[in-house]
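> okay, here's the prediction I keep looking at, along with the sequence it came from:
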2 protein chains.
Amino acid sequence: MVQDSIRILQAQGHKATRPRKLVLEILEEMDRPLSPYDIQGVLRQRGKYLNHVTIYRVLDILCSLNLAHKMLSSGGFVRCSLDMAEGCHRFMVCQHCGAIREFADKELCQGENEFARNFGFHAEHHHSELAGLCSRCYRK
Amino acid sequence: MVQDSIRILQAQGHKATRPRKLVLEILEEMDRPLSPYDIQGVLRQRGKYLNHVTIYRVLDILCSLNLAHKMLSSGGFVRCSLDMAEGCHRFMVCQHCGAIREFADKELCQGENEFARNFGFHAEHHHSELAGLCSRCYRK
DNA sequence: GAGCTAAATGCAACAATATTGCATTAGCTC
DNA sequence: GAGCTAATGCAATATTGTTGCATTTAGCTC
Ligand SMILES: [Mn+2]
Ligand SMILES: [Mn+2]
Ligand SMILES: [Zn+2]
Ligand SMILES: [Zn+2]
């Protein structure tokens, strides 16, 4: 829910502004990776306006609080669908329909961390995207 | 070695051209993620010139053959330091010095695949980047 | 080595994405 | 509601990525 995210924003000392609510609404509603300009376009269609710089800045904050994530393969942004503090968040990306599914698994993180440790590398967080086919697209 | 990559290119029906050799040389030598424009800049310093479109096209081919990879977090390109067909390639990225270390682990891939399968998702390949500190930077 | 041809390059123009500084506006606290 | 500070909008600019087309060149044939 957008309201929850807004509360988290405020708890961190950020203001509950119109642009922030609008961006959160769009991300929640569209449910696929959107670029800042995509978001601006959707809003424009609805007769609302936000400067793209503002959208970038909103997304920066949302990502810093893990309320949204930047998909690295596409550059688009999605709303986080998991609880914060569930460890690092991973994504399944359907190559056919573009659908995103977020998941988390502590064992995977642990496995990666251990592997890295053997190289003397101390991992702080992970970003992982699986490309493939979602169940619906696979059936074809 | 650059020569090895060139041979692979030719085996796939691509020509061994000057731009391709130059890009491979720079990637090998610099050993950190470089954007196409970075590569152009390094070459320019050495009195050589490549159009940026050419560099993009060379990198496209190298990536399609897994001779290079695009780092998703930074957008830069690195030369692949592993054998092809060793499974999917993962990266440790030092947040302090920017160093990249590539690795592969079949068990991690398998773990991710199984996890995804439980959601009905059929993964084809993975892209994974671990952010943290390399051994050298960690010691400080 | 000269000639041929498909592949690759360079160029120009453009599109998309991202950042900065500064004047103005609007949440929030009191 | 007034005041203060964070946030927004705007303008300008930087960076990154793409397309179509004319020209060049690598690799092949002779
Ligand atoms: Mn998340
Ligand atoms: Mn590799
Ligand atoms: Zn799908
Ligand atoms: Zn380091």
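Great, that's in hand. Ligands and ions are numbered 1, 2, ... in the order given.

> so the most centrally placed residue in chain A bridges to which residues?
By C-alpha atoms, centre = their mean, the mean C-alpha position of chain A lies nearest to A:His69, the distance being 2.4 Å. A:His69 has these beta-bridge partners by DSSP bridges: A:Val78.

> quick one: contacts for it?
Counting by C-beta atoms under 8 Å, 6 or more residues apart in numbering or on different chains, A:His69 touches A:63, A:77-78, A:80, A:89, A:91, A:102. Where C-beta positions appear, they are placed from N, C-alpha and C, glycine not excepted.

> what's the closest of these to ligand 2?
A:Phe91 (20.5 Å; C-beta to the ion).

> mind checking which helix or strand that closest one is in?
Using DSSP states H and E, A:Phe91 falls within strand A:90-94.

> for that strand, packing partners?
strand A:100-103, strand A:122-133 (3 or more C-beta pairs under 8 Å, 6 or more residues apart in numbering or on different chains; DSSP states H and E).

> now tabulate those strands in TSV and tack on distance to B:Glu114 and mean neighbour count.
What follows is these, written out as TSV (distance: least, C-beta to C-beta, whole Å; neighbours: other C-beta atoms under 10 Å in any protein chain shown):
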stretch	distance to B:Glu114	mean neighbour count
strand A:100-103	12	18
strand A:122-133	11	19
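
> now those in JSON lines, with mean pLDDT?
Shown next, in JSON lines, are the helices and strands packed on strand A:90-94 (pLDDT from 0 to 100):
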{"stretch": "strand A:100-103", "mean pLDDT": "94"}
{"stretch": "strand A:122-133", "mean pLDDT": "94"}
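
> and the residue in chain A sticking out farthest from the centre, what pLDDT?
What lies farthest from the middle of chain A is A:Asn118; by C-alpha atoms, centre = their mean that is 30.2 Å. At A:Asn118, the model reports a pLDDT of 94.

> contacts only, for A:Cys109.
A:87-88, A:126.

> also A:Ile61?
By C-beta under 8 Å, 6+ apart, the residues touching A:Ile61 are A:9, A:14, A:20.

> which one of the residues you listed has the most neighbours?
Ranked by neighbour count (other C-beta atoms under 10 Å in any protein chain shown), these have A:Arg20 at the top, with 23 neighbours.

> the host helix or strand of that residue near ligand 1 anywhere?
Assigned by DSSP H and E, A:Arg20 belongs to helix A:18-30. No: under the criterion of C-beta under 5 Å from the ion, helix A:18-30 makes no contact with ligand 1; the nearest approach is 12.0 Å.

> and which of the contacts of A:His69 is nearest to A:Gln45?
Nearest to A:Gln45 among the contacts of A:His69, counting by C-beta to C-beta, is A:Phe77 at 18.1 Å.

> what number of residues lie near the closest one?
When counting by other C-beta under 10 Å, one arrives at 23 neighbours for A:Phe77.

> shaky segments in chain A?
Applying pLDDT under 70 to chain A flags the ranges A:84-86.

> mind listing what's buried in the helix holding A:Arg20?
By neighbour count on 16 or more other C-beta atoms under 10 Å in any protein chain shown, the buried set for helix A:18-30 is A:19-27.

> give me phi/psi at the nearest residue to A:Gln12 once chain neighbours are set aside?
Leaving aside its chain neighbours, A:Gln12 sits nearest to A:Leu65 (6.3 Å; criterion: C-beta to C-beta, 6 or more residues apart in numbering or on different chains). Main-chain dihedrals, A:Leu65, degrees, to the nearest 10: phi -100, psi 10.

> A:Glu129 versus A:Leu65, what's the distance?
Using C-beta to C-beta, to the nearest Å, A:Leu65 is found at 21 Å from A:Glu129.

> cool, and A:Tyr49?
32 Å.

> A:Gly98 too?
13 Å.

> so A:Val78 is in contact with A:Ala99, correct?
No: counting by C-beta atoms under 8 Å, A:Ala99 is not a contact partner of A:Val78; they are 10.4 Å apart.

> neighbour count winner among the two?
Neighbour totals were compared for A:Val78 and A:Ala99, and A:Val78 leads with 21 against 18 (other C-beta under 10 Å).

> quick one: residues contacting the more buried one.
Taking C-beta under 8 Å, 6+ apart, one finds A:27, A:31-34, A:68-69, A:71, A:91, A:100, A:102 in contact with A:Val78.
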